[in-house]
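In: Sequence below, structure please.
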Amino acid sequence: MSAKIIDGNAASSALREGLAARVAKLKADGGPTPGLAVVLVGSDPASQVYVKSKHKRATETGMNSFEHLAGDPAGAGRHAQQGPVGAWDPGSTASAPTDRR
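Out: The predicted structure is shown next:
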């Protein structure tokens, strides 16, 4: 089998466009707006760039995006790290994905 060179940027763009269409249809059909929630513990610059990128991509596809900076990992207890998630969605609209295509 020979190797196939793919265009990662084109593949990524097509994936995001498809996701945006699915999000738009879900919202148009009266469904909930999907979202991405991130709790960033610490101040690692690489992690901040990663989280910023995820926020940008989520909003570009029509999803909600929530972030919380929990501060110093040594001083942030489990409650400080997980507490914001309950405030964003106490579970009334959260559901596990059923379609993983």
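In: only C-alpha atoms for contact and neighbour calcs from this point on.
Out: OK.
In: show me where this structure has strands.
Out: Assigned by DSSP state E, the chain shows strands spanning 35-41, 64-71.
In: Lowest average confidence across those, which one?
Out: For these, mean pLDDT drops lowest on strand 64-71, to a mean of 82.
In: Export the strands of the chain to TSV and append columns for distance to Ala28 and mean neighbour count.
Out: As requested, these are arranged in TSV below (distance: least, CA to CA, whole Å; neighbours: other CA atoms under 10 Å):
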stretch	distance to Ala28	mean neighbour count
strand 35-41	16	18
strand 64-71	15	16
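In: Next, format these as CSV and append distance to Gln48.
Out: Formatted as CSV, the strands of the chain follow (distance: least, CA to CA, whole Å):
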stretch, distance to Gln48
strand 35-41, 8
strand 64-71, 10
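In: Now do Ala37 against His68, distance only.
Out: 8 Å (CA to CA, to the nearest Å).
In: can you tell me which helix in the chain is longest?
Out: Using DSSP state H, we find that the single longest helix of the chain is helix 8-28.
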